[in-house]
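1. heads up, no residue letters with this:
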């Protein structure tokens, strides 16, 4: 299990882990034994805690009630009921997601999706929290202007996994690349561009804060990166029913794209560069 695989990294970062489910203690114990789970699996058999956290999934119960023929409810069923038609099994389940609590038990952040098959990977949550990962399948590149390492957050994903492509960039001394906003002044912003793919849905690239660089010869003030920085692009493995049959026939997925940038120093700007990237991740089956 992906969370178990990351447990040592989480613990090194000072993060404890517990999972809450409406399953019985017997079911959870059998699951833990079968998969080598070492973190606590907590049974909330009557969904009391799930309800108190405000994440009780009521859609299945509604689908068995007086409004079962409501077309709006049918859309909700597609989003939030895991086993189509087996509504009884879904009653009492939570909307799946992750809460991050501080040492006083206060919720500091949370990660939830709008479709039951979509889940943030543990590695992706770690990235959003600013926790460094050990790169997997890294693609490394170097030029006279910068060095970079690009890698997927996870070596293995599943249907509905939300994960990231990560690009760590380090400009060489005296060099800078352009940050969002610089395009208004005619400069190419450093960017990660992933090629369209029917089995993925892409989010916008997440850029870190930049700094303002004063280019004295033209008296320009431009947003740039001069220190090491990281670009993140989240993508979700398509979990819609339209492509599910195709996905279940595969055991791996390939993501392609490119890193594009223009680097400059205090005197000149170098030619724009495009570096092709390709990553292949294993595709795990349903458990």
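-> All right, it came through fine. Note that this is a predicted model, so its numbers are computed, not measured.

2. identify the bridge partners of residue 224.
-> On the basis of DSSP bridges, residue 224 is bridged to residue 178, residue 211.

3. what's the burial count for residue 95?
-> 18 (other Cβ atoms under 10 Å). For every residue, glycine as well, the C-beta is placed using N, CA and C.

4. switch to numbering from 25
-> Sure thing, new numbering starts at 25, so read that last one as residue 119.

5. hey, where'd the strands end up in the stretch 75-224 of the chain?
-> 121-125, 131-136, 143-144, 163-166, 170-176, 180-182, 185-195, 200-202, 215-218, 224-230 (DSSP state E, counting those that start in this stretch).

6. the ones you listed: which one's closest to residue 306?
-> Proximity to residue 306 (Cβ to Cβ) singles out strand 180-182 among those, at 4.1 Å.

7. show me what contacts the closest residue to residue 278 other than its chain neighbours?
-> Among residues not flanking residue 278 along the chain, residue 304 sits closest, at 4.6 Å (Cβ to Cβ, 6 or more residues apart in numbering). Counting by Cβ atoms under 8 Å, 6 or more residues apart in numbering, residue 304 touches 161, 276-279.

8. are any of the residues you listed buried, and which?
-> Neighbour-count burial (16 or more other Cβ atoms under 10 Å) applied to these gives 277, 279.

9. closest to residue 117 out of the contacts of residue 304?
-> When the contacts of residue 304 are compared for distance to residue 117 (Cβ to Cβ), residue 277 wins out at 27.8 Å.

10. follow-up on the earlier one: confidence-wise, which of the contacts of residue 304 comes last?
-> Scanning the contacts of residue 304 for pLDDT, the low point is residue 161. It has 74.

11. go ahead and confirm that residue touches residue 301.
-> No: between residue 161 and residue 301 there is no contact under Cβ atoms under 8 Å: 10.8 Å.

12. just name the shakiest helix or strand of the protein by mean pLDDT.
-> helix 111-114 (a mean of 61; mean pLDDT, DSSP states H and E).

13. in stretch 159-174, what's buried?
-> Judged by neighbour count (16+ other Cβ under 10 Å), stretch 159-174 contains these buried residues: 163, 165, 169-170, 172-174.

14. closest one of the residues you listed to residue 81?
-> Proximity of those to residue 81 was ranked by Cβ to Cβ; the top entry is residue 174 with 37.3 Å.

15. so what's that closest one bridging to?
-> residue 163, residue 191.

16. likewise for residue 308?
-> On the basis of DSSP bridges, residue 308 is bridged to residue 182.

17. repeat for residue 66
-> Residues in beta-bridge contact with residue 66 (DSSP bridges): residue 44.

18. I'd like to know how far it sits from residue 42.
-> Using Cβ to Cβ, to the nearest Å, we find residue 66 at a distance of 6 Å from residue 42.

19. which one of those two has more residues nearby?
-> Neighbours were counted for residue 66 and for residue 42 using other Cβ under 10 Å; residue 66 has more, 13 against 9.

20. helix/strand/coil for residue 267?
-> What DSSP: H, G, I helix; E, B strand; the rest coil gives for residue 267 is helix.

21. show me the residues around the residue positioned nearest the centre of the chain that make contact.
-> With distances taken as Cα atoms, centre = their mean, residue 187 lies nearest the centre of the chain, 3.2 Å away. By Cβ under 8 Å, 6+ apart, the contact list for residue 187 reads 145, 147-148, 176-178, 181, 258-259, 261, 305.
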